[in-house]
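Trainee: Mind looking at a prediction? Sequence and model below.
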Amino acid sequence: VEPTRTQGNLYSNGLAISDRYAFIASTGNDDEAGNAGKIYVYERDGESWDLVAELTASDAAASDQLGVNLAFDGVHLIATSNRPSSNGAAYVFTKEQGVWGPNEIAILTASDSPGGTLGYDCVIENGVAVVSNHNANNAAGRVYVFNDVTLSGTESQILNASDLVTDLSFGSDVAISGDWIAVGARHNNPGGPEATYMFRNEGGTWVEKQKITSPPGGNISFGESLALQGETLVAGGYQFNGADGAAYIYQLRGTLWLLQQTITGSGGENLAVNVGISGDRLILGAPDLSGSAPGRAYIYRRDIEDGR
């Protein structure tokens, strides 16, 4: 989908897609205010995609950059915003009476002021949103869960790592599937602990159940990219073996997430900078951040064994 001249700077900064809709953010759009941002909604019509709506924040202000990150669960679109006036926010849009927008139905904010910016990453499933602030509390990081995205206000629960330390960067990435939330913590300093924390919904409260530590190999940016579907977790470590990269695939066995397979890159391609999973397909991005080779994306199919 090509931008028009009026769609502003940083077109396609934030993206989300479903079988029917595509959402493209222009965080540098100046229509409401300088760099306030705007989101373009495209609807699929056969083989083409038609622009059907333009979404903006009702309180748009300069430098908000609406659409830094986008997430869509089939009903609600979450768009994070730098929103300097409140250290970040997440705006919720949906289709009402057959029409998208033009403004949000709810604004999600943090109840505290720990520094950093709410909205470094976000995910949503069945109306439950998870929004991270990986620079909160001297970059220790913090994650916010909103149980009902149709209601403006603050979070239902704040997630912290059980061993939270400065520069952990808890919330480097987040993922949700069913009763599980995965939170990556890549740590900002060489030699610092990297991990992915698994939280389970127990009676409406999210409880940390497991800390998955980075596999051997030094700081590999483990957990900076995550994908979670059912009983499968994929955690990327794009700096494994220098810059070759690797993807680590875990399966839930009983109450524990166990490493099932490792897929490694080669030639400094930074495998697993981004990861995604859908059904029996896994996609891994390998952009070669050095710029010495063209980027690639690898698609894998899971072979089912023993009926599992």
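Mentor: Arrived safely, thanks for sending.

Trainee: Where does pLDDT dip in the stretch 201-308 of the chain?
Mentor: 217, 304-308 (pLDDT under 70).

Trainee: 90 instead?
Mentor: 215-219, 291-294, 303-308 (pLDDT under 90).

Trainee: Could you pull out the strands in it for me?
Mentor: 205-213, 226-229, 232-237, 246-253, 256-264, 275-278, 281-286, 296-301 (DSSP state E, counting those that start in this stretch).

Trainee: what's the pLDDT at Pro193?
Mentor: Listed pLDDT for Pro193 reads 84.

Trainee: likewise Gly88?
Mentor: Looking at Gly88, the pLDDT reads 95.

Trainee: List phi and psi for the closest residue to it other than its chain neighbours.
Mentor: Leaving aside its sequence neighbours, Gly88 sits nearest to Leu118 (C-beta to C-beta, 6 or more residues apart in numbering; 3.3 Å). For glycine as for every other residue, the C-beta is placed from the backbone atoms N, C-alpha and C. Taking degrees, to the nearest 10, you get phi -70, psi 130 for the backbone angles of Leu118.

Trainee: Just put the strands of the stretch 201-308 of the chain in CSV and tack on mean neighbour count and distance to Thr94.
Mentor: Output for the strands of the stretch 201-308 of the chain, formatted as CSV (neighbours: other C-beta atoms under 10 Å; distance: least, C-beta to C-beta, whole Å):
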stretch, mean neighbour count, distance to Thr94
strand 205-213, 16, 24
strand 226-229, 23, 23
strand 232-237, 27, 29
strand 246-253, 20, 31
strand 256-264, 14, 33
strand 275-278, 18, 23
strand 281-286, 20, 27
strand 296-301, 12, 30
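
Trainee: Need those strands in JSON lines (columns: distance to Lys95).
Mentor: Formatted as JSON lines, the strands of the stretch 201-308 of the chain follow (distance: least, C-beta to C-beta, whole Å):
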{"stretch": "strand 205-213", "distance to Lys95": "29"}
{"stretch": "strand 226-229", "distance to Lys95": "25"}
{"stretch": "strand 232-237", "distance to Lys95": "30"}
{"stretch": "strand 246-253", "distance to Lys95": "34"}
{"stretch": "strand 256-264", "distance to Lys95": "36"}
{"stretch": "strand 275-278", "distance to Lys95": "23"}
{"stretch": "strand 281-286", "distance to Lys95": "28"}
{"stretch": "strand 296-301", "distance to Lys95": "30"}
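
Trainee: and stretch 155-167, how far apart are its ends?
Mentor: In stretch 155-167, first residue to last residue: 23 Å (C-alpha to C-alpha, to the nearest Å).

Trainee: List the contacts of that stretch.
Mentor: Stretch 155-167 is contacted from outside by 108, 110-112, 131, 137-148, 168, 170, 181, 183, 185, 187-189, 192-193, 195, 197, 199, 205-206, 208, 211, using C-beta atoms under 8 Å, 6 or more residues apart in numbering.

Trainee: So, low pLDDT: which residues of the stretch 51-200 of the chain?
Mentor: Along the stretch 51-200 of the chain, the parts satisfying pLDDT under 90 run over 84-86, 113, 188-193.
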